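**Q** Just to be clear, the model below is a prediction. Sequence and coordinates:
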Amino acid sequence: LPKINLVSNHYTINFNAGVKFDEWQMRFFARKDEKQILVNIDALEQSVAADSRLLVEEVVQVNTRELNQVFGKHFYSGASLFTASARDKTKERKIFSNHKEHLLVIDVKHKEMDPGALNNSECDGARSMFVRLLNAFLKSNLAKMGYKAFGRTVKFYDLNKPYNIPQHGVDIYKGFITSIDAYERGIALLIDSSAKIVRSRNLMQEMIENNVDMNDDECIRDYCVGMLVMSTYSNDRIYRIDDIDFNTRVSDAFPNPAYKNYEEYYTKKYKTNKLHYKNQFMLINKNKRKEVTAEGKVVFKTETIRLLPELMRPTGLTDDMRKDYKVMNDIGKHTILKPADRFPAVERFAEKANKETSSNKDFNFTIDTKSNKVVGYLLKPPVIKTGLKSVLTKADRVNVDKAIKSKNIDNWALVYDSRTEKDVNTIVK
């Protein structure tokens with residue numbers, strides 16, 4: 001068979017096999033519960049949800065100096081903190097109290113994890129744990145490079161350099177998809193280019209410009225519910241609009257008595273400008289999170305977050321935009337990269353990531369930027385016989401539906417790997 005040179009978006013990674021890690025669980029409790037923490041910590045309710053990323057970051061940040069003294073270099077993802085194997089091996093719980101409202105309690109979860117044993121591990125749980133460790137380390141380094149993660153995805157964008165297309169009212173943020181996972185050949189890092197589209201006007205401006213009847217609650221609800229929006233303040237977080245609160249206005253009392261109303265809360269806490277639309281309604285985001293009760297039961301709680309339309313920018317494209325050839329063509333010039341442009345951009349990104357990870361002396365890995373070159377074999381396209389006719393398939397696709405309609409296929413085989421086994425029954429049906 002003729003050989004063909006192929007380019008993949010998966011790269012081999014090499015890391016220091018001699019370094020071992022500890023994984024710690026971070027929990028957050030109100031300062032008033034400090035004595036109870038020493039008596040029965042599992043009976044206490046946490047004061048900060050693990051998925052409250054901004055507050056988690058705030059609490060960790062004020063304790064950075066003490067964390068460095070205890071652990072040395074460290075990085076975290078969600079509620080997991082990763083460190084080189086602990087200097088003090090006698091204590092499995094550490095409490096940090098520099099935040100004025102919340103105590104940070106850190107308990108050891110896994111000791112002396114050896115990344116070098118990852119490829120040889122037959123335990124799926126161990127492999128999953130190591131993969132989480134490597135992804136957390138990569139994420140922390142991408143943050144240092146100026147890339148922002150959106151939501152719980154593996155997409156990272158440079159929010160400091162948007163491409164503005166003023167004639168269509170959109171900003172395009174360029175970035176990359178990254179994900180480390182365990183494959184049959186070993187540990188590999190997926191890197192591919194990605195783009196995030198955010199409309200230039202805030203939601204209030206856009207609704208008025210699009211002639212949405214602001215006196216018709218159902219029109220507003222139809223326009224907004226289900227939309228993904230990005231905050232224009234603080235952490236540029238993405239929210240899904242699940243409902244509309246027409247009964248609460250920005251001038252209403254804020255739940256925290258430290259702030260007079262919602263407007264004062266945003267202007268003081270996030271340093272936003274004074275609001276232009278004084279009578280705007282509230283957007284509702286319902287954030288579900290999993291918690292474990294004192295009895296060990298897993299429960300799901302829903303946190304309701306109220307957002308101001310004036311401080312939110314819609315993401316993605318509207319249906320009218322998608323139908324407009326001119327809009328799609330102009331946007332596609334920035335979001336759709338040809339292979340000749342995409343792979344050099346990915347390689348430059350990998351080289352930049354290598355420089356950042358190499359600065360960590362306790363633990364680092366390198367991305368083999370040449371390991372995505374593979375040799376394939378060019379198979380001859382099959383000939384499908386349909387009744388009295390024979391059809392030579394095109395090189396890249398087969399019209400199976402047409403073949404089935406013209407002749408019953410009694411003998412056939414489906415080839416699949418272990419990762420797609422769960423989808424086989426759906427495909428066959």
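**A** The structure has been received and is ready for your questions. Numbers count the residues shown, from 1 in each chain.

**Q** Quick one: residues in contact with stretch 141-151.
**A** 139, 155-160, 175-176, 178, 196, 236-238, 352-353, 356-357, 360 (CB atoms under 8 Å, 6 or more residues apart in numbering). No exception for glycine: its C-beta is placed from N, CA and C like everyone else's.

**Q** Repeat the analysis, applying 7 Å as the threshold.
**A** 139, 156-160, 175, 196, 236, 238, 352-353, 356-357 (CB atoms under 7 Å, 6 or more residues apart in numbering).

**Q** Closest one of those to M207?
**A** Closest approach to M207 among the contacts of stretch 141-151 (CB to CB): I238, at 19.0 Å.

**Q** wait, that closest one sits on L228?
**A** Yes - assessed by CB atoms under 7 Å, I238 is found in contact with L228 at 5.8 Å.

**Q** Specify which residue of the two has the higher count of neighbours.
**A** Each of I238 and L228 has its neighbours counted (other CB atoms under 10 Å); I238 has more, 18 against 15.

**Q** Specify the beta-bridge partners of the more buried one.
**A** Applying DSSP bridges to I238 yields these beta-bridge partners: M230.

**Q** Who are the contact partners of it?
**A** 150-151, 228, 230, 315.

**Q** And for N285?
**A** The contact partners of N285, taken as CB under 7 Å, 6+ apart, are 239-242, 305, 307.

**Q** ranges for the strands of the stretch 251-400 of the chain?
**A** Counting by DSSP state E, counting those that start in this stretch, the stretch 251-400 of the chain has strands at residues 282-292, 298-307, 312-314, 365-367, 373-377, 383-386, 389-392.

**Q** G186 bridge partners, please.
**A** Counting by DSSP bridges, G186 forms beta bridges with Y183.

**Q** could I have stretch 4-15 exported to CSV, CA atoms only?
**A** Taking Å, rounded to 0.1, in the frame of the first residue of the first chain, the C-alpha atoms of stretch 4-15 are listed here in CSV:
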residue,chain,number,x,y,z
ILE,A,4,1.2,9.0,3.1
ASN,A,5,2.6,11.5,5.6
LEU,A,6,-0.1,12.7,8.0
VAL,A,7,-0.2,15.5,10.6
SER,A,8,-2.1,14.9,13.9
ASN,A,9,-3.2,17.3,16.6
HIS,A,10,-2.0,14.9,19.4
TYR,A,11,1.4,15.4,20.9
THR,A,12,3.5,13.1,23.1
ILE,A,13,4.5,14.7,26.4
ASN,A,14,7.6,13.9,28.5
PHE,A,15,7.8,14.7,32.2
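
**Q** buried stuff in that stretch?
**A** Using 16 or more other CB atoms under 10 Å as the test for burial, stretch 4-15 gives 10-13, 15.

**Q** possible to save the residues you listed as JSON lines with distance to G78, secondary structure and pLDDT?
**A** Shown next, in JSON lines, are the buried residues of stretch 4-15 (distance: CB to CB, whole Å; DSSP: H, G, I helix; E, B strand; the rest coil; pLDDT from 0 to 100):
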{"residue": "H10", "distance to G78": "25", "secondary structure": "strand", "pLDDT": "92"}
{"residue": "Y11", "distance to G78": "25", "secondary structure": "strand", "pLDDT": "92"}
{"residue": "T12", "distance to G78": "27", "secondary structure": "strand", "pLDDT": "89"}
{"residue": "I13", "distance to G78": "22", "secondary structure": "strand", "pLDDT": "84"}
{"residue": "F15", "distance to G78": "21", "secondary structure": "strand", "pLDDT": "71"}
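
**Q** Taking those, tell me the two that lie furthest apart.
**A** Within the buried residues of stretch 4-15, two members stand farthest from each other by CB to CB: H10 and F15, at 16.1 Å.

**Q** Name the residues that touch stretch 307-320?
**A** By CB under 7 Å, 6+ apart, stretch 307-320 touches 196-199, 202-204, 206, 227-233, 238-239, 250, 262, 266, 272, 275-277, 280, 282-283, 285.
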